[in-house]
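Visitor: coords please:
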Amino acid sequence: MDHPLVQIGSPRPRLPEWARKSRTHFQSLNRLKRDLRHLNLHTVCESARCPNIHECFHRGSATFMILGDRCTRGCGFCAVPKGSPELHDMRLDPAEPANVAQMAATMALRHVVITSVNRDDLEDGGSHHFAATVREVRLALPTARVEVLTPDFCGDLDAVARVLEAGPHIFNHNMETVPRLYRRVRPQADYRQSLAVLSFAQSYAPGVLTKSGFMVGLGETDSEVRDLLRDLRAAGTAIATIGQYLQPTRRNLAVAAYIEPAQFDAWRDYGLSLGFRAVFSGPLVRSSYMADGVADEAMA
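Guide: As a prediction, the model looks like this:
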């Protein structure tokens, strides 16, 4: 095999204690998975191999992943299955928006997080389908908060506006890493384009909180992390999440460094000093992890 990210024969370094999840809840995990499959629904928790999945599924929380379960991009950090319409059946499920709403209502969620794969093959990037899902959830759960975690829609701000007009309370788009590492980590994206998406969302719907997350441990420096936080604040972003990158499979990028918890605390304090309403920073933090509590803090 000659895939550039394959690391056959290269043992992964042992995880430090602070980057491990110890408790498992297989009964809760399997029960929620069964209910999701019954409605042909997917979660990023499963597809991205999130380390927090047992905890979140046990407390009855999950992040819905729409537009199918295959992504048209090949980011080096991500475990979500890749696909193309030429090789796979990637037709959208017209029942998906209503099914997400039904599942969210069954779970009695007070904070619903909806994300998606990238669908660069679709003319609208899947934004109509995304907006329909938000509307269905708001109809089914009128008192719940809705948080969306969208792709960049290839910089199509009309697509971003379409999702915002559906009425989410929080608009999230992840920067993922510092600009120097984009070519290796996120080669089909553009740092300035992602900042523009966040800036547009903040100006187009000022009543909506904007949010973004990124990973560390990929080779970035402390000054680059601080620059990224300043760029996010300059774009009007209200909430930031920072977590340790953990290599999900041997086909993904290797971890460059495990960051000490004290450094995460320092970045949180620095972000708060810049004016963020909330900065959730820690080794096992993920963009949608404990999203309800982070939103509570930001809206307090």
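
Visitor: which parts of the stretch 201-300 of the chain are helices?
Guide: 222-234, 261-274, 291-299 (DSSP state H, counting those that start in this stretch).

Visitor: among those helices, which is nearest residue 57?
Guide: Nearest to residue 57 among these is helix 291-299 (14.4 Å), distances taken as CB to CB. Just so you know, the C-beta spots here come from the backbone N, C-alpha and C atoms, and that holds for glycine as well.

Visitor: who's in contact with that closest one?
Guide: The contact list for helix 291-299 (CB atoms under 8 Å, 6 or more residues apart in numbering) reads 61, 63, 110-111, 113, 145, 147, 169-170, 209, 238-239, 241, 277-278, 280.

Visitor: check contacts around residue 116.
Guide: With the criterion set at CB under 8 Å, 6+ apart, residue 116 makes contact with 65, 66, 67, 126, 130, 149, 150, 151.

Visitor: got the buried residues for stretch 77-96?
Guide: 77, 78, 79, 80, 82, 83, 90, 92, 93, 96 (16 or more other CB atoms under 10 Å).

Visitor: how close does the third one get to residue 295?
Guide: So that's residue 79. 26 Å (CB to CB, to the nearest Å).

Visitor: please name the nearest non-neighbouring residue to residue 117.
Guide: Spatial nearest neighbour of residue 117, chain neighbours left out: residue 71 (3.9 Å); criterion: CB to CB, 6 or more residues apart in numbering.

Visitor: burial measure for that neighbour, as a count.
Guide: For residue 71, the neighbour count with other CB atoms under 10 Å is 24.

Visitor: isn't it right up against residue 120?
Guide: No. Contact between residue 71 and residue 120 fails when scored by CB atoms under 8 Å: they sit 9.0 Å apart.

Visitor: let me have the helices of the stretch 201-300 of the chain in TSV, extended by mean pLDDT.
Guide: Rendered in TSV, the data for those read as follows (pLDDT from 0 to 100):
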stretch	mean pLDDT
helix 222-234	98
helix 261-274	98
helix 291-299	95
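
Visitor: residue 77 reaches residue 217, doesn't it?
Guide: No. Residue 77 is beyond contact range of residue 217, at 10.0 Å (criterion: CB under 8 Å).

Visitor: okay, and the common contacts of these two?
Guide: Joint contacts of residue 77 and residue 217 (CB under 8 Å, 6+ apart) are residue 245.

Visitor: what about residue 146, is that helix, strand or coil?
Guide: Classification of residue 146 using DSSP: H, G, I helix; E, B strand; the rest coil returns strand.

Visitor: quick one: residues contacting it.
Guide: 112, 114, 134, 137, 138, 167, 168, 169, 170.

Visitor: and the pLDDT at residue 249?
Guide: pLDDT for residue 249: 91.

Visitor: look at it and say how many residues are nearby.
Guide: For residue 249, using other CB under 10 Å, the count is 11.

Visitor: excluding sequence neighbours, find me the nearest residue to it.
Guide: Per CB to CB, 6+ apart, closest to residue 249 is residue 79, 5.5 Å.

Visitor: circling back: drop anything exposed from the contacts of residue 146.
Guide: By 16+ other CB under 10 Å, the contacts of residue 146 give 112, 114, 134, 137, 138, 168, 169, 170 as buried.
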